[in-house]
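Colleague: Need a 3D model of the sequence below.
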Amino acid sequence: MSSANKAFPTAPLPVPETQLVQAHKLLNIGLIASSVAHEFNNILTTIINQARLGLEYTDGRQKNECLERILKVSQRAASLTGTMLGLVRRTGPEKQKADLVALVEETLLLVEKDLAKHRIRVHKEYQGRPHAWVCPGQIQQLLLNLIINAQQAMVQGGSLTLGVRENRPLHMAEIIVADTGCGIPADKLRTIFQPFYTTKQPNATGQGGTGLGLCICRQIIEEHHGRIRVESLVGKGTTFTVRLPLEAAERAGDQVRAAS
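Modeller: Prediction:
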């Protein structure tokens, strides 16, 4: 997307009230919980049906097949529950060296069914397993915001690409979230990071229209001494590139400022 419109937000960000940031996070969790609830219904249906079949079978092999199916879907339910709880509980400011691919995968676990429902194909482009100094919960919130935005931009379905790679010259790790949606006009690229700015009208569930998602993403990036870049072409799609320090925040912050 070399000919795309680009923006590198650098102006000081008016920090939203803590309550608003938390409210937006809870809104995202609520939207995801609705999708996850449907999947839990499917999981429970599978468990009940396989348990009934297992009770009816007299053949040991058939009973074991039922138990294996029950174990498989139960493990997925446990993964979903663990990821949801982790997202809610990871609210502290402590940074740690985290596997960014693992964070992307955990976040995808929460939204993959909803993406499939909206006919959105997911492509993964992982180059190694970069680790960065981050607050895991905040990075997952950032990823949720970007993925939900991408989904809303692809009303007729499309393709979502999630990438993770290292940028060694800048001592940064990069997360890429790219969609094939409606795109963003050039004159709106800098405006999209402003608090409460939105082109979306909220639907019956309140989805869209808060104008806080990208503002919060930018705040999270700045707190991590990182960078966020957006490239977009109207009718073609949008790519967000998030850069996060590979090293401790203080040293990485100096390096990023020197390279900017």
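
Colleague: where along the stretch 1-150 of the chain do the strands fall?
Modeller: Under the criterion DSSP state E, counting those that start in this stretch, the stretch 1-150 of the chain contains strands at 5-7, 96-99, 120-126, 131-134.

Colleague: Tell me the buried residues in the longest one?
Modeller: This means strand 120-126. By 16 or more other CB atoms under 10 Å, the buried positions in strand 120-126 come out as residue 120. Quick note: C-beta positions are derived from backbone N, CA and C, even for glycine.

Colleague: contacting residues for residue 145?
Modeller: Going by CB atoms under 8 Å, 6 or more residues apart in numbering, residue 145 touches 28, 213-214, 216-217.

Colleague: Please report how far residue 218 lies from residue 226.
Modeller: 10 Å (CB to CB, to the nearest Å).

Colleague: and these two? which has more neighbours close in?
Modeller: More crowded of residue 218 and residue 226, by other CB atoms under 10 Å: residue 226, with 26 against 21.

Colleague: which secondary structure element contains the closest residue to that one other than its chain neighbours?
Modeller: Nearest residue to residue 226, sequence neighbours excluded (CB to CB, 6 or more residues apart in numbering): residue 244, at 4.6 Å. Take DSSP states H and E as the rule and residue 244 turns out to sit in strand 237-245.

Colleague: Output the contacting helices and strands for that strand.
Modeller: If contacts are counted by 3 or more CB pairs under 8 Å, 6 or more residues apart in numbering; DSSP states H and E, strand 237-245 sits against strand 131-134, helix 136-153, strand 172-179, helix 213-223, strand 227-233, helix 249-259.

Colleague: can I get the ones you listed in JSON lines with distance to residue 69 and mean pLDDT?
Modeller: Listed next are these as JSON lines, based on distance: least, CB to CB, whole Å; pLDDT from 0 to 100:
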{"stretch": "strand 131-134", "distance to residue 69": "36", "mean pLDDT": "92"}
{"stretch": "helix 136-153", "distance to residue 69": "30", "mean pLDDT": "87"}
{"stretch": "strand 172-179", "distance to residue 69": "34", "mean pLDDT": "96"}
{"stretch": "helix 213-223", "distance to residue 69": "38", "mean pLDDT": "81"}
{"stretch": "strand 227-233", "distance to residue 69": "43", "mean pLDDT": "92"}
{"stretch": "helix 249-259", "distance to residue 69": "46", "mean pLDDT": "49"}
